[in-house]
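Q: sequence and predicted structure below; questions after.
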Amino acid sequence: MTRSESLYIWQSGDWPNWRYDLAALAEPLARVSRAQGMLIGRLADVGMALRDQASLAALTDDVLKTSEIEGELLDTDAVRSSIARRLGVDIGALAPTDRYVEGVVDMVFDAVTRGETALTQDRLPSWHAALFPTGHQSLNPIHAGVCRDDTNGPMQVVSSPLGRQNVHFKAPPADRLADEMACFLYWLNGNTADHPILKAGLAHLWLVTLHPFDDGNGRIARAVGDLLLARTDGSPQRFYSLSAQIQRERRDYYDILERTQKGSLDVTNWLHWFLETLGRAIDTAQVTLDAVLGKTRFWHRWATTPMNERQVKLLNRLLDGFDGKLSSSKWAVIAKCSPDTALRDINELVALGILEKSESGGRSTSYEIEAK
């Protein structure tokens, strides 16, 4: 098949011989490497407890956002509790979790904390099985832990209603997957000339291209990228979330993937997008680290002040970045208490100088942590 007759990169005659212009990528690659080093260096100057808190924040974001990219919303408290338990971080009362949350956490945690361990024919399907513990996605059966067989037709990424579908991508046929996956894993686990950060971007793209499973391919591809980024960090802890940045730029993510799939094996543009997005993820991590340090200073200051469990919970929600304005009615809902109890909790904290009335106005009184 000639290039003019083919539509997708996996149909190219020289597939999978990736090409890219290293000179064109040199500047963004240097920026990302420098930003990585600055973030890791900054964290080296704080204690283990703070590093654990920063890792907890980053991993929580990663798990939530890699699912949100696919339209699945997980419970934030459940995810945070699941990761805190694995890290041994005390966050007070742990929220209940379920097997869906545990499955995504298992995959992301395994990728990040065991980055130096080879990705094998057994380990990759185990991630897929963890994502689909019941063997279903909604009401649709999923062949969990095994590659797709295309019984119901070729694997396609489509949009629009049935009958007017727009095909964005079609994956290689199932009968090629055994050889394709063997080639991919041999490259991934071997020593190549690719810079480790570029290799993470290539691995992400390569697995998305193969689309080896019935579902969950995007989440698994991002986890594979995370595994290779963990190798570049040289640490089993993760302090930034590429998935969270991809979620913020979701439309661009899907656009660049589609253009790349329908382009040539020169993937310079994809890698440039990957580097720029990773750089923004690391920049955001610096802001998150500021918040972690601020939260630690806050609790150090008020460590000897008696507070009830509801007050501790709501203050942590504020410190973690509360969505919207905190009113007494929202307090009552989140803390599962009466409006009178909520107002009493708030007034006690206002009297202590911990909370203050927000100056942002609005129809109802709202509160925020007092600026010092």
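A: Good, I have the coordinates.

Q: every contact and neighbour count from this point should use C-alpha atoms.
A: Noted.

Q: G145 contacts H128, correct?
A: Yes: judged on Cα atoms under 8 Å, G145 makes contact with H128 at a distance of 5.1 Å.

Q: what about those two, which has more around it?
A: A direct count of neighbours by other Cα atoms under 10 Å for G145 and H128 places H128 higher, at 26 against 21.

Q: who does the helix or strand where the more buried one lies touch, helix- and strand-wise?
A: In this assignment (DSSP states H and E), H128 forms part of helix 123-131. With contacts taken as 3 or more Cα pairs under 8 Å, 6 or more residues apart in numbering; DSSP states H and E, helix 123-131 sits against helix 99-113.

Q: from I197, how far out is E249?
A: Distance from E249 to I197, counting by Cα to Cα, to the nearest Å: 20 Å.

Q: when the two are compared, which one has more neighbours?
A: Taking neighbours as other Cα under 10 Å, E249 and I197 compare with I197 leading, 23 against 13.

Q: A93 versus R34, what's the distance?
A: 38 Å.

Q: whoops, I mixed them up, S126
A: Relative to A93, and taking Cα to Cα, S126 is found at 30 Å.

Q: lowest average confidence, helix or strand, in the protein?
A: strand 136-137 (a mean of 76; mean pLDDT, DSSP states H and E).

Q: buried ones in the helix or strand where T277 lies?
A: Using DSSP H and E, T277 sits within helix 268-301. The neighbour-count check on helix 268-301 (16 or more other Cα atoms under 10 Å) flags 268-275, 277-286, 288-289, 291-293, 295 as buried.

Q: pLDDT (mean, whole number) over it?
A: Averaged across helix 268-301, the pLDDT comes to 92.

Q: mind giving me the packing neighbours of that helix?
A: Checking 3+ Cα pairs under 8 Å, 6+ apart, helix 268-301 ends up next to helix 22-44, helix 48-68, helix 196-210, helix 242-248, helix 250-261.

Q: quick one: average pLDDT of the shortest one?
A: When you say that, I think you mean helix 242-248. Helix 242-248 comes out at a mean pLDDT of 96.

Q: now swap in the longest one and tell me
A: On average, the pLDDT along helix 22-44 is 94.

Q: give me the helices and strands touching that helix, please.
A: Using 3+ Cα pairs under 8 Å, 6+ apart: helix 22-44 touches helix 268-301.

Q: okay, and S235 sits in which element?
A: Using DSSP H and E, no helix or strand contains S235.

Q: before we move on, back to that, which residues do G145 and H128 both contact?
A: Both G145 and H128 lack any common contact, where contact means Cα atoms under 8 Å, 6 or more residues apart in numbering.

Q: pick out the residue closest to the middle of this protein.
A: Residue closest to the average C-alpha location in the chain (Cα atoms, centre = their mean): D62, at 2.4 Å.

Q: now that residue: how far from T76?
A: 11 Å.

Q: what does K357 give?
A: On the measure of Cα to Cα, K357 and T76 end up 26 Å apart.

Q: same question for V46.
A: 26 Å.

Q: between the two, point out the one with more neighbours.
A: Shown here are V46 and T76; by other Cα under 10 Å, T76 has more neighbours (15 against 11).

Q: does the more buried one touch L64 like I think?
A: Yes: with contacts counted by Cα under 8 Å, T76 reaches L64, the gap being 7.1 Å.

Q: got the domain ranges for this protein?
A: Following automatic domain parsing, the chain resolves into domains at 9-294, 304-369.

Q: most tightly surrounded among the ones you listed?
A: By mean neighbour count, with neighbours taken as mean count of other Cα atoms under 10 Å, domain 9-294 ranks first of these at a mean of 18.

Q: next, the distance between the ends of it.
A: First residue to last in domain 9-294 (Cα to Cα) measures 47 Å.

Q: right, and G225 touches A200 too?
A: Yes: with contact defined as Cα under 8 Å, G225 reaches A200; the gap is 4.7 Å.
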